[in-house]
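Asks: Need a 3D model of the following:
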Amino acid sequence: MEPRPMMDRLEAVFSIVPKAHAIADIGTDHGYLAVELINRQRAEYVIAGDVHKGPLESARSYVESCGLADKVDCRLGDGLKVTEKGELNGAICCGMGGFLMRDIVDAGPEPLEFYVLQPQNGQKELRQYMVQKGYVIVLEIIVEDAGKLYTAFLAVRNDCVEAYTGMTEYVDVYQSLPEDSLLWSVGALLEQDRPPLWMKYIEYLIYQRQCALDDMTEKLNHTDKYQDLEQEVNFLRNLLENK
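Replies: Numbering: from 1, shown residues only. Below is the predicted model of the structure:
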């Protein structure tokens, strides 16, 4: 079977996956990304894991139809618990919340060399967790797919940064970022690089928060939550103004 084209958000994720011997695709769904990792020589061996039997069987059928059953191992189970110590260089997690991704990384048998993560929420908490665990966020991207904006980032273990970036010295913007900075949620590297979708992304974040403010009743106008949202809107508007 000819490989099936991936959604734009998966293509974007693929674009930031480092080349490595063995990579896990956690939450593999239909297995499209797992197959592309092999076909485009990003990995020599892939573990495609999913907690749901239906999607995993679909992935297994697709992998077999592509003639890659010897290179893509489909495993049913919870996150990185389906893997063993020493099997992997890195892992990819897409299409789930940041808090779940944090738990998946934490429950793995060992700290991997890198993770490519595309969280749907909880971005602040996930980024802070990865930095606290000794990882450097070296790349962040924004992609638009079916009218929705997604962000993803590559986190590399501190002792592997040179191997995966080629840089002997790397300035980690997150190390000096205050814990309460909104850039933990927005993406400090995105703010630094300002890719083509940057303005649209920030406008969307402002819209989200403004809708929440507009939904609050007059009685809530003086609550901490309301004031926090107002401050966030002002911070984001300043980002747009400081082009």
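Asks: How about Ile206, nearest residue that isn't a chain neighbour?
Replies: Excluding the flanking residues, the one nearest Ile206 by CB to CB, 6 or more residues apart in numbering is Leu236, at 4.8 Å. Every residue, glycine included, has its C-beta placed from N, CA and C.
Asks: Provide the count of other residues in contact range of Leu10.
Replies: By other CB atoms under 10 Å, 23 other residues sit near Leu10.
Asks: ok, and the closest non-adjacent residue to it?
Replies: Closest residue to Leu10 apart from its sequence neighbours, by CB to CB, 6+ apart: Leu33 at 5.3 Å.
Asks: what's the helix or strand where that neighbour lies in contact with?
Replies: Assigned by DSSP states H and E, Leu33 belongs to helix 32-39. The contact list for helix 32-39 (CB atoms under 8 Å, 6 or more residues apart in numbering) reads 3-4, 6, 10, 13-14, 17, 23, 25, 28, 42-44, 46, 48, 59, 62-63, 66, 68, 71-72, 92, 94.
Asks: out of these, which are inside strands?
Replies: Using DSSP state E, the subset of the contacts of helix 32-39 located in strands is Ile23, Asp25, Ala43, Glu44, Val46, Ala48, Val72, Ile92, Cys94.
Asks: ok, of those residues, which one's closest to Val116?
Replies: Closest approach between the ones in strands among the contacts of helix 32-39 and Val116, by CB to CB: Ile92, at 4.5 Å.
Asks: Just say helix, strand or coil for the nearest residue to that closest one once chain neighbours are set aside.
Replies: Of all residues beyond its chain neighbours, the one nearest Ile92 is Val116 (4.5 Å), with distances taken as CB to CB, 6+ apart. Per DSSP: H, G, I helix; E, B strand; the rest coil, the local secondary structure of Val116 is strand.
Asks: and Val116, what is it in contact with?
Replies: Val116 sits next to Val13, Ile16, Val17, Gly90, Ala91, Ile92, Cys93, Ala152, Phe153, Leu154, Ala155 when contact means CB under 8 Å, 6+ apart.
Asks: and if we set it to 10 Å?
Replies: 13-18, 23, 25, 33, 90-94, 139, 152-156 (CB atoms under 10 Å, 6 or more residues apart in numbering).
Asks: now Met96
Replies: Contact analysis of Met96 by CB under 10 Å, 6+ apart lists Ile26, Gly27, Gly79, Asp103, Ile104, Leu117, Gln118, Pro119, Gln120, Asn121, Gly122.
Asks: Against which helices or strands is whichever strand or helix holds the fourth one packed?
Replies: When elements are assigned from DSSP H and E, Asp103 belongs to helix 98-107. Helices and strands touching helix 98-107, by 3 or more CB pairs under 10 Å, 6 or more residues apart in numbering; DSSP states H and E, are strand 20-26, strand 90-96, strand 114-119, helix 123-132.
Asks: could you dump the ones you listed to CSV with distance to Pro195 and mean pLDDT?
Replies: Listed next are these as CSV, based on distance: least, CB to CB, whole Å; pLDDT from 0 to 100:
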stretch, distance to Pro195, mean pLDDT
strand 20-26, 24, 98
strand 90-96, 19, 95
strand 114-119, 15, 98
helix 123-132, 16, 97
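Asks: okay if I get these as JSON lines plus distance to Tyr201?
Replies: Converted to JSON lines, these look like this (distance: least, CB to CB, whole Å):
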{"stretch": "strand 20-26", "distance to Tyr201": "25"}
{"stretch": "strand 90-96", "distance to Tyr201": "18"}
{"stretch": "strand 114-119", "distance to Tyr201": "14"}
{"stretch": "helix 123-132", "distance to Tyr201": "12"}
